[in-house]
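1. give the three-dimensional model of this entry:
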Amino acid sequence: MIIQFLKQLEKNNNREWFEKNKAKYLAAKATFDELVVDLLPRMVAVDPLLATLDPKKLSFRIYRDVRFSKDKRPYKNNMGAGFSANGKMVQEPGYYLHIQPGNQSFIAGGFYMPDTDKLQRIRQEIDYNTAVFEKIINDKKFIKTFGTLDEGDKLKTAPKGYPKDHPHLHWLQHKSYIAVRNFSDDEVLSKTFIKNIVQACEQVLPLNTFLRTAIA
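-> Numbers count the residues shown, from 1 in each chain. The predicted structure is shown next:
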């Protein structure tokens with residue numbers, strides 16, 4: 001139901017269509033919210049720091065903020081939810097579930113765009129404990145699930161305070177430290193979807209633990 005609605009929304013991203021199909025949206029949203037409710041206790045079993053979360057407060061709004069955007073489409077073409085110790089990825093390591101048609105769904109873990117202070121701490125931790133960091137991301141199960149860290153937006157040179165010939169410069173240039181496990185539309189619709197999400201969270205937990213230690 002979620003994928004089907006989002007496909008229709010992608011073709012009709014305007015307020016008139018949305019209002020006429022509000023019932024379809026509410027049904028799709030209810031299905032997504034049920035998924036989050038079902039998923040949370042299983043994630044808590046993996047990462048107990050999520051135990052205080054309210055599943056009703058983890059989903060993101062479908063309405064886009066278009067005030068400063070050239071893209072004036074009023075609605076997102078996806079549904080998402082954030083899971084971290086203090087809520088929806090509030091400047092801390094956590095997990096993000098994203099459902100989008102066209103085989104663009106994913107579960108991600110790690111820390112997306114930490115602020116300057118936290119980013120400096122993470123880089124310092126990687127510099128001091130490179131072996132620990134690389135053991136995590138070179139783990140066979142981690143590689144099988146995620147491949148490697150998402151490259152995303154990176155510095156083109158060395159960050160301030162580090163030499164350009166630093167032996168682990170490629171890790172220090174990251175602006176985010178996240179791992180992404182993609183899902184096809186068929187995988188989203190499969191009976192093993194929740195199980196696969198939880199397994200990915202298990203594999204990314206050591207990264208989150210490392211990052212939490214870094215910013216503590």
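2. for stretch 111-122, measure first residue to last.
-> Length of stretch 111-122, first residue to last, CA to CA, to the nearest Å: 10 Å.
3. got the contact list for that stretch?
-> Contacts of stretch 111-122 with the rest of the structure, by CB atoms under 8 Å, 6 or more residues apart in numbering, involve 89, 91-94, 96, 159, 175-178, 208, 211, 214-215. Quick note: C-beta positions are derived from backbone N, CA and C, even for glycine.
4. tell me the two of those residues that are most distant?
-> With CB to CB as the measure, no two of the contacts of stretch 111-122 lie farther apart than 96 and 159, at 24.5 Å.
5. comparing the two, which residue is more hemmed in?
-> Set side by side, residue 96 and residue 159 give different neighbour counts by other CB atoms under 10 Å, the larger being at residue 96 (21 against 16).
6. got a list of what that one touches?
-> With contact taken as CB under 8 Å, 6+ apart, residue 96 is in contact with 80-83, 89, 107-109, 112.
7. repeat that with 6 Å
-> Listed by CB atoms under 6 Å, 6 or more residues apart in numbering, the contact set of residue 96 reads 82, 108.
8. go on, the one 4 residues further on?
-> By CB under 6 Å, 6+ apart, the residues touching residue 100 are residue 78.
9. what's the distance between it and residue 211?
-> 25 Å (CB to CB, to the nearest Å).
10. just residue 113 next, same as before
-> 13 Å.
11. just residue 24 next, same as before
-> 39 Å.
12. quick one: which of the two has more around it?
-> More neighbours surround residue 211 than the other of residue 24 and residue 211, with 26 against 15 (other CB under 10 Å).
13. where do the strands sit along this protein?
-> Secondary structure of the chain (DSSP state E): strands located at 79-84, 94-99, 105-111, 177-183.
14. for the second one, what is the average pLDDT?
-> If I follow you right, that is strand 94-99. The average pLDDT for strand 94-99 rounds to 97.
15. and the angle for it with strand 177-183?
-> Counting by axes from the mean of the first three to the mean of the last three CA atoms, to 10 degrees, strand 94-99 points 30 degrees away from the direction of strand 177-183.
16. and the contacts of stretch 111-122, which of them are in helices?
-> If you go by DSSP state H, those have 208, 211, 214-215 in helices.
17. only the buried subset of the contacts of stretch 111-122, as a ChimeraX command please.
-> Applied in ChimeraX, the following selects the buried portion of the contacts of stretch 111-122 according to 16 or more other CB atoms under 10 Å:
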select :89,92,93,94,96,159,176,177,178,208,211,214,215
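18. return the member of the contacts of stretch 111-122 nearest to residue 134.
-> The closest of the contacts of stretch 111-122 to residue 134 turns out to be residue 177 (CB to CB; 12.8 Å).
19. my read is that the closest one contacts residue 110, right?
-> Yes: the pair residue 177 / residue 110 is scored as a contact, 4.8 Å apart, by CB atoms under 6 Å.
20. and the ones in helices among the contacts of stretch 111-122, which is closest to residue 129?
-> Taking CB to CB as the measure, residue 129 lies nearest residue 214 of the ones in helices among the contacts of stretch 111-122, at 8.8 Å.
21. great, nothing more from me.
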